[in-house]
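[1] return a 3D structure for these sequence lines:
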Amino acid sequence: VQVVEFGGGSVQAGGSLRLSCVHSGGAYNMAWLRHAPGKGREGVAGMRHDRRTTYADSVKGRFTISKDNAKNTLYLQMDSLKPEDTAMYYCAVDERVLSLTLIDEMYKYWGQGTQVTVSS
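    Here you go, the predicted model:
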């Protein structure tokens, strides 16, 4: 399974970015996770094949996860960005029929990451 992210960049606080993740199909659970310098990896948002979603408390109301099955693409719309959202963002997918989760060990296939930098 191949996973490739697009869409990172630099933005001022309060701005928006949309990340895209193209995968080779067959995913049951998909998620966005991030890793900031000096911090552990954090699950941000997840979506199950039936479009059930889950979000980290830190991004609820600001980030929206969605997908386009026809394009095998997962999206993360990030609004009202804050400097603390600065991190490398990763897309991860898994084909196993498991509960939706933001735990990184539960995802087998990962992209290379895309950097998001939010300046104050």
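[2] residues near the closest residue to residue 72 other than its chain neighbours, how many?
    Leaving aside its chain neighbours, residue 72 sits nearest to residue 25 (5.0 Å; criterion: CB to CB, 6 or more residues apart in numbering). The C-beta positions use only the backbone N, C-alpha and C, and glycine is treated the same way. Applying other CB atoms under 10 Å, we find 11 residues neighbouring residue 25.
[3] quick one, grab the pLDDT at residue 25.
    pLDDT recorded at residue 25 is 86.
[4] residue 111 and residue 42, how far apart?
    Per CB to CB, to the nearest Å, residue 111 is found 16 Å from residue 42.
[5] residue 59 now?
    Counting by CB to CB, the gap from residue 59 to residue 42 is 9 Å.
[6] and the two? Which one has more around it.
    residue 59 (23 against 16).
[7] can you tell me the SS state at that one?
    Following DSSP: H, G, I helix; E, B strand; the rest coil, we place residue 59 in the coil state.
[8] residues in contact with it?
    For residue 59, the contacting residues are 44, 45, 78, 85, by CB atoms under 8 Å, 6 or more residues apart in numbering.
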